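Fold the following.
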Amino acid sequence: MADTSDTRTPAQIEADIKARRAVLADTLDEIGVRVHPKTIVGDAKAKVVGHVDNTLGRAYVQVNRAVSEVKAQFTDEEGAPRLERVVPVALLAVGVVGLLVVGVRRRRG
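Sure thing, here's the model as predicted:
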């Protein structure tokens, strides 16, 4: 059988009720803030920004790695250009630009 006797004074019971009301009010305030549309939108924005920052960071690392790999193909250990690789690529680029210029002039002419 449960003991239902309470040895607290009425003042103590009243103080406990006030304390519990304060805790409940704080809890309700916190819930109100959490479910407020501005809070929800702010949390969603923060999550998106974090995801975008993470994605951009990974993309930057991948692009940086790719650029470093390409640079390594066209330079030696000291950073000097490898002419045996640079010259053919430069000639190819000049040829492509030349073909584009000729194509544009034929369309206009």
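
Would you map the helices across this protein?
Counting by DSSP state H, the chain has helices at residues 10-35, 37-74, 83-108.

I'd like the ones you listed as CSV, with mean neighbour count and mean pLDDT appended.
From N, CA and C alone the C-beta is placed, and that goes for glycine too. Putting these into CSV (neighbours: other Cβ atoms under 10 Å; pLDDT from 0 to 100) gives the following:
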stretch, mean neighbour count, mean pLDDT
helix 10-35, 10, 94
helix 37-74, 10, 93
helix 83-108, 10, 92
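
Distance-wise, check residue 102 relative to residue 46.
As judged by Cβ to Cβ, to the nearest Å, residue 102 and residue 46 stand 53 Å apart.

Please name the residues that touch the residue nearest the centre of the chain.
With distances taken as Cα atoms, centre = their mean, residue 53 lies nearest the centre of the chain, 2.3 Å away. Applying Cβ atoms under 8 Å, 6 or more residues apart in numbering to residue 53 gives no contacts.

ok, residue 86 touching residue 76?
No: using Cβ atoms under 8 Å, residue 86 is not in contact with residue 76, being 11.1 Å away.

what pLDDT does residue 6 get?
According to the prediction, residue 6 has pLDDT 75.

wait, it sits on residue 12?
No: the pair residue 6 / residue 12 is not scored as a contact, 9.2 Å apart, by Cβ under 8 Å.

how's the protein carved up into domains?
Domain assignment for the chain, taken from automatic domain parsing, gives 10-74, 81-109.
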